[in-house]
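Trainee: Just need the structure, nothing else, for what follows:
(one chain, ligands or ions: 1)
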Amino acid sequence: MFSGLSGSHKDLHLSVSIMLGASFREPKHYAAFLFGALALLILARYRSRRGSTLPLPPGPPRLPIIGNLHQMPSTHLWEKAVEWGKQYGDLVYVENVGIPTLILNSFEAVSELLVKRSAIYSSRPHITMFSELLDLGWTTTILPYGETLRKHRTHLHKFFQTSETLNYLEIQERNCYVMLNGLLNAPKGYAEHIRRLPSAVILRNVYGYEAQGEDDPIVHLGENVVRTGGEALTYLFLNFVPWLKYLPEGLPGIAFPGKAREGRQYQKTFRATPYEIAKRNFIEGTGKECMTSVLFAESLQEDGSFNDEQTISGAAGTAFLGGTDTSATAILTFVLAILKNPDKQRRAQEEIDTVIGSNRLPNHSDMDSLPYVRAICTEILRWEVILPFAVPHLLTEDDEYMGHSIPAGTWVFPNVWAISRDPKHYPDPLSFKPERWIPGETKEGVPPLRPQEICPGQNWAEHIIFLAVASLLATFNIEPDVGPDGTQIPPNDQFIPSAIRTLRASKCRITPRSDKAASLIRQAVSSL
Ligand code: HEM
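Mentor: Below you'll find the model as predicted:
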């Protein structure tokens, strides 16, 4: 979920140099530094007071007070953790100004600690920028273990894990036709058409809101919250040097206070706007059935007020924030995978032509009869992991594992990036190989694991990714573009390393496979 444990280079440099006392020119600054350092030392000592006699897990050597802060890369920490893993193993322990942090580099460690011992590993750390400065502490992903989180999870499970709920699938199909039609009319803007799909479906599923065309104001608002929330998560040094959060806007070289103000405004408007529309529609009896309308009906009191509105609006808002960028990135990754592996497109199209023919568009009922297309969908999520560090967990009680003690209060990062590229489970891990998921196709057999098992939106996401991928394969050919010199333009494979890795468009050609395919799309859209 993080692009590193530190923020932008400028801000990181500032925080480290402040801690090292390197940039103080006035006595009062030194006094502030000494005071801060003393407090941190006490904090570090307090945190290291552990009951267990076992050693901490291995990790790079730490400096006094700052621990490993100076070794934290400003981005791609998951890759650094793989490097550390070669020296220290599956568990890598680092400390940042007294905050114990454990990175889990293997599936076995994640299954044992985060799954089997979930009772003590399921809380979330408080992240200053996210929860306080952006005021995003209401999102499910950051809630500490407890009653509110339990309610959020119940709401999300009900509306996102059971595929039959509220005709979700029909809403996905309708919006998929809109995406295909957009590609027909303006293929160069393919990334925009793909991005619109999960956003429009979630807004309809959650708030009963029908997104307007390609340029919907609520979709844009939500995208801004995802962007600022994702960026803000890289300002973790605010956790390590808490008093920095009080710095005002406008100081040279310090970007975060301005970003925080901007992001706070986005999230406030985003949380309120679609929610209030849904509530008004419910009260007036004009709304469409959706997640919030069902929850309003369940929580309506005799005096006309609603019970527990914070939980309803929190879970609803999180569904959009957690489900849009992730699902859109998965579909954009599919386009990239096909641009790099044209043989996979051919095989999948053959499967679709044999099973479905060319007289109709694919739909969800084809999921079981298109194993190769489904294998492509699974492989996309493994090949280019979307949340490389997942969402950080917080250990709430002292624990021991493999001869090491892990103190309560440790932040735990599952390194999904490393796990998905572990050759022990995924031979030739850098290759895009849907075949690995099909029984009997590889000599090693199907890997025992599937990525993304622990997300409440997994079932919903699997459905929308399948529908988009199968529909794109059935109706379009995706090919690299050719430059003026006649050579193929390489696709853009540079993911933006934020909390959720995202991908911009490649220069490519997306053309209808036939006139019939184009007319199927036009017919489907005209019947909406
Ligand atoms: C391709 C799409 C998606 C990917 C790759 C993905 C990935 C993940 C991952 C890795 C986690 C962290 C699990 C953990 O370590 O605790 C997570 C959590 C979460 N995801 Fe997703 N997700 C996707 C789609 C969705 C959708 C559609 C929703 C909408 C409901 C959603 C909502 C959430 C929430 C609320 C959490 C936090 C769960 C909790 O704390 O109980 N995600 N997701």
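
Trainee: hang on, Leu387 packs against Val416?
Mentor: Yes: with contacts counted by C-beta atoms under 8 Å, Leu387 reaches Val416, the gap being 6.3 Å. Where you see a C-beta, it was placed from the backbone N, CA and C, and this is true even at glycine.

Trainee: measure Leu113 to the ligand for me?
Mentor: 11 Å (C-beta to the nearest ligand atom, to the nearest Å).

Trainee: let me redo that: Ser358
Mentor: Look at Ser358 and the ligand: by C-beta to the nearest ligand atom, they are 29 Å apart.

Trainee: do the same with Trp243
Mentor: Counting by C-beta to the nearest ligand atom, the gap from Trp243 to the ligand is 29 Å.

Trainee: Secondary structure class of that residue, three-state.
Mentor: Secondary structure state of Trp243, per DSSP: H, G, I helix; E, B strand; the rest coil, is helix.

Trainee: What number of residues are in the vicinity of it?
Mentor: Counted with other C-beta atoms under 10 Å, the neighbours of Trp243 add up to 12.

Trainee: same question, the one 4 residues further on
Mentor: By other C-beta under 10 Å, the residues close to Leu247 number 13.

Trainee: For the residue in the stretch 351-500 of the chain positioned nearest to the ligand, grab the count of nearby residues.
Mentor: Relative to the ligand, the nearest point of the stretch 351-500 of the chain is Gly457 (2.1 Å; C-beta to the nearest ligand atom). Residues contacting Gly457 under the criterion other C-beta under 10 Å number 22.

Trainee: and it, what does it touch?
Mentor: 156, 160-161, 319, 322-323, 326-327 (C-beta atoms under 8 Å, 6 or more residues apart in numbering).

Trainee: at 10 Å what do you get?
Mentor: By C-beta atoms under 10 Å, 6 or more residues apart in numbering, the contact set of Gly457 is 156-157, 159-161, 198, 202, 318-319, 322-323, 326-327, 464.

Trainee: cool, and His364?
Mentor: Each residue near His364 by C-beta under 10 Å, 6+ apart is listed here: 163, 168-170, 172-173, 463-464, 466-467, 470.

Trainee: One more: Pro491?
Mentor: 335-340, 478, 480-481, 503, 505-508.

Trainee: Recalculate using a threshold of 8 Å.
Mentor: Shown in contact with Pro491 (C-beta under 8 Å, 6+ apart): 336, 339-340, 480, 506-508.

Trainee: which one of these is nearest the ligand?
Mentor: Comparing the contacts of Pro491 against the ligand with C-beta to the nearest ligand atom places Leu336 closest, at 14.6 Å.

Trainee: Help me confirm that the closest one comes into contact with Trp383.
Mentor: No: Leu336 is not in contact with Trp383 according to C-beta under 8 Å; the separation is 9.1 Å.

Trainee: Strands along the stretch 51-200 of the chain, start to end?
Mentor: Applying DSSP state E, counting those that start in this stretch to the stretch 51-200 of the chain gives strands spanning 91-96, 99-104.

Trainee: do you know which of these lies nearest the ligand?
Mentor: For the strands of the stretch 51-200 of the chain, distance to the ligand was read as C-beta to the nearest ligand atom. The smallest value, 10.3 Å, belongs to strand 99-104.

Trainee: what packs against the closest one?
Mentor: Packed against strand 99-104 by the contact rule (3 or more C-beta pairs under 8 Å, 6 or more residues apart in numbering; DSSP states H and E) you find helix 77-88, strand 91-96, strand 411-414.

Trainee: CSV for those, including distance to the ligand, mean pLDDT and mean neighbour count?
Mentor: As requested, those are arranged in CSV below (distance: least, C-beta to the nearest ligand atom, whole Å; pLDDT from 0 to 100; neighbours: other C-beta atoms under 10 Å):
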stretch, distance to the ligand, mean pLDDT, mean neighbour count
helix 77-88, 12, 94, 18
strand 91-96, 17, 95, 24
strand 411-414, 6, 95, 25
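
Trainee: Next, format those as JSON lines and append distance to Pro392.
Mentor: JSON lines is the format used below for the helices and strands packed on strand 99-104 (distance: least, C-beta to C-beta, whole Å):
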{"stretch": "helix 77-88", "distance to Pro392": "11"}
{"stretch": "strand 91-96", "distance to Pro392": "12"}
{"stretch": "strand 411-414", "distance to Pro392": "5"}
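
Trainee: burial measure for the closest residue to Leu361 other than its chain neighbours, as a count.
Mentor: Counting by C-beta to C-beta, 6 or more residues apart in numbering, Leu361 lies nearest to Leu520, which is 5.5 Å off, once chain neighbours are set aside. Leu520 has 21 neighbours, counted by other C-beta under 10 Å.
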